[in-house]
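> Quick one: sequence plus predicted model below, questions after.
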Amino acid sequence: MRLFFSLDKIYVMKKIYLDNAATTPILDEVIDAMMLVMKTNFGNPSSTHSLGQEAKMILEENRRLIAQELHVSPAEIIFTSCGTEANNLIIKSAVENLGVKRIITTEIEHKCVYETTLDVQQKSDLEVVYLHVNEKGDIDLQELETALKSSDKVTLVSLMHANNEIGNLLDLEKTAKICKENKAYFHSDTVQTMAHLKLDFSQIPIDFASCSAHKFHGPKGAGFAFIRKTTHLKAQIHGGTQERSLRAGTENVVGIAGLGKAFDISVEKMSEFSVYIQEIKDYAIEQLTTNIPGVLFNGRSAEKEKSLYTLLSISLPSMNPLIGLQLDMKGIAVSQGSACSSGAAKPSSVLSKILSEEVQQITTPLRISFSHQTTKQDIDELVMALKDILKL
Ligand code: PLP
């Protein structure tokens with residue numbers, strides 16, 4: 001069976017890439033680390049011979065590195081194929097194995113949390129409580145506390161750290177403490193913030209978190225779940241005893257080597273990258289405000305302390321569903337929602353929850369997301385292209 005296209009014929013047009021919340025380019029150092037493992041070690045980490053044990057060492061070394069950074073035990077890091085799998089494992093097993101009878105969450109979680117919760121609800125007697133989300137995309141932690149106190153059902157709270165469409169940040173520490181005080185399990189989808197924000201889980205009483213390597217210049221197909229040792233989740237993928245029997249299947253050693261390398265670089269350069277990227281974001285806000293009269297910033301997107309520095313969500317002052325395509329034709333890659341929903345004709349599930357009908361009908365949303373490779377010139381070209389398309 002042949003591929004429909006030849007890989008050596010794929011050529012990539014020079015693009016201005018402003019869709020880093022969807023995925024990020026893999027760093028050369030990460031590719032080198034993966035190539036080295038690919039070329040020198042094909043062993044199965046479960047094999048007892050030395051080739052297998054070398055592969056096992058690669059896994060354990062990367063696990064140790066990640067655990068050290070998060071201030072947790074290596075046994076609490078379970079490698080998965082992606083963030084989606086990590087979130088599925090946590091939510092499904094919490095209901096199946098921890099006796100969770102109620103999930104408190106929001107309607108603006110990533111689809112892999114939202115849909116998983118719905119799926120579990122259909123198959124069990126689970127109660128799902130959706131916290132109110134205001135027009136800025138905020139939840140009220142007082143409402144969470146009241147909901148927690150209103151029932152003695154075993155409860156899992158699942159609230160994302162940074163929203164992947166509007167960038168709103170949750171106060172992870174405060175939320176975790178409220179959950180702890182009220183004896184609820186706390187899960188946060190940290191896919192957008194892992195390796196972008198400092199996370200010390202020895203100071204935050206969180207039970208579960210998730211990570212995906214491709215959001216910080218690592219490969220696709222590698223991620224992990226942080227599972228607090230005291231919680232006793234069980235596998236959702238059954239088979240061998242890999243990953244402490246929490247995730248069967250031969251580990252993606254090459255991908256995990258890439259995940260570890262990308263994590264290491266991102267964490268080491270976090271202060272440098274975050275200052276630089278915030279500067280780019282500030283510049284984008286200033287240029288958009290000056291050049292596009294009537295532009296709106298969605299959620300807390302334009303507020304420094306309240307949103308993730310890698311992401312800016314805007315609404316352009318006229319309705320143009322083709323804008324993503326028009327920008328793409330000009331060599332600029334942005335997103336019209338999240339990557340998961342932008343391929344669909346449906347409006348973004350997050351923006352449709354926080355923007356009024358009227359605003360949705362007369363504006364066009366765009367998600368612009370940055371990395372340390374983004375330049376001010378990229379922003380200038382985006383603004384120029386937008387002015388041209390909007391005829392300003
Ligand atoms: N959670 C959030 C907040 C995300 O942004 C994403 C990816 O877009 C995911 C989960 C899913 O991660 P993955 O692509 O690794 O399945």
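Done, it's in.
> Quick check: residues of the protein near the ligand?
Taking CB under 6 Å from any ligand atom as the contact definition, the chain meets the ligand at 82-84, 110, 112, 160, 164, 189, 191-192, 212, 223, 339. Glycine gets a C-beta too; all of them are placed from N, C-alpha and C.
> let's go with 5 Å and repeat that
Cys82, Gly83, Thr84, His110, Asn164, Asp189, Val191, Gln192, Ser212 (CB under 5 Å from any ligand atom).
> Measure how buried the last one is and give me the count.
Looking back up the chat, that one is Ser212. A count of neighbours around Ser212, defined by other CB atoms under 10 Å, yields 29.
> any chance you could map the helices in the chain?
28-40, 50-70, 83-97, 111-123, 141-149, 172-181, 242-245, 253-268, 270-291, 323-329, 339-342, 351-354, 357-362, 376-390 (DSSP state H).
> If you count neighbours, what's buried in the last one?
Just to be clear, that refers to helix 376-390. Neighbour-count burial for helix 376-390 flags Asp378, Ile379, Glu381, Leu382, Val383, Ala385, Leu386, Ile389, Leu390 (criterion: 16 or more other CB atoms under 10 Å).
> do stretch 220-235 as well
Neighbour-count burial for stretch 220-235 [16+ other CB under 10 Å]: Gly221, Ala222, Gly223, Phe224, Ala225, Phe226, Ile227, Arg228, Thr231, Leu233, Ala235.
> again, but for stretch 81-97
For stretch 81-97, by 16+ other CB under 10 Å, it's 81-95.
> same thing with stretch 196-203?
Within stretch 196-203, the residues that count as buried by 16+ other CB under 10 Å are His196, Leu197, Leu199, Phe201.
> which residues touch it?
69-72, 161-162, 172-173, 190, 193, 209, 215-216, 226, 266, 270, 274, 308-310 (CB atoms under 8 Å, 6 or more residues apart in numbering).
> Show the buried residues in those.
By 16+ other CB under 10 Å, the contacts of stretch 196-203 give 69-70, 72, 161-162, 172, 190, 193, 209, 215-216, 226, 266, 270, 274, 308-310 as buried.
> The residues of the chain next to the ligand in strands, which ones?
Among the residues of the chain next to the ligand, the members falling in strands (DSSP state E) are Ser212.
> Of the residues of the chain next to the ligand, just say which sits nearest to Val350.
Asn164 (8.0 Å; CB to CB).
> need the contact list for the closest one.
Taking CB under 8 Å, 6+ apart, we find Asn164 in contact with Ala21, His110, Val191, Gln192, Leu311, Ser338.
> Now distance to Lys136, neighbour count and pLDDT too, for those, in JSON lines please.
Shown next, in JSON lines, are these (distance: CB to CB, whole Å; neighbours: other CB atoms under 10 Å; pLDDT from 0 to 100):
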{"residue": "Ala21", "distance to Lys136": "19", "neighbour count": "27", "pLDDT": "98"}
{"residue": "His110", "distance to Lys136": "19", "neighbour count": "23", "pLDDT": "98"}
{"residue": "Val191", "distance to Lys136": "22", "neighbour count": "27", "pLDDT": "98"}
{"residue": "Gln192", "distance to Lys136": "18", "neighbour count": "25", "pLDDT": "98"}
{"residue": "Leu311", "distance to Lys136": "15", "neighbour count": "26", "pLDDT": "98"}
{"residue": "Ser338", "distance to Lys136": "18", "neighbour count": "21", "pLDDT": "47"}
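> ok, so of these, who is nearest Ser371?
For those, the nearest to Ser371 is Ala21 (9.7 Å; CB to CB).
> Ser369 is in contact with that closest one, correct?
Yes. Counting by CB atoms under 8 Å, Ser369 is a contact partner of Ala21 at 3.7 Å.
> list residues touching both of these two?
Thr310, Leu311, Ser335.
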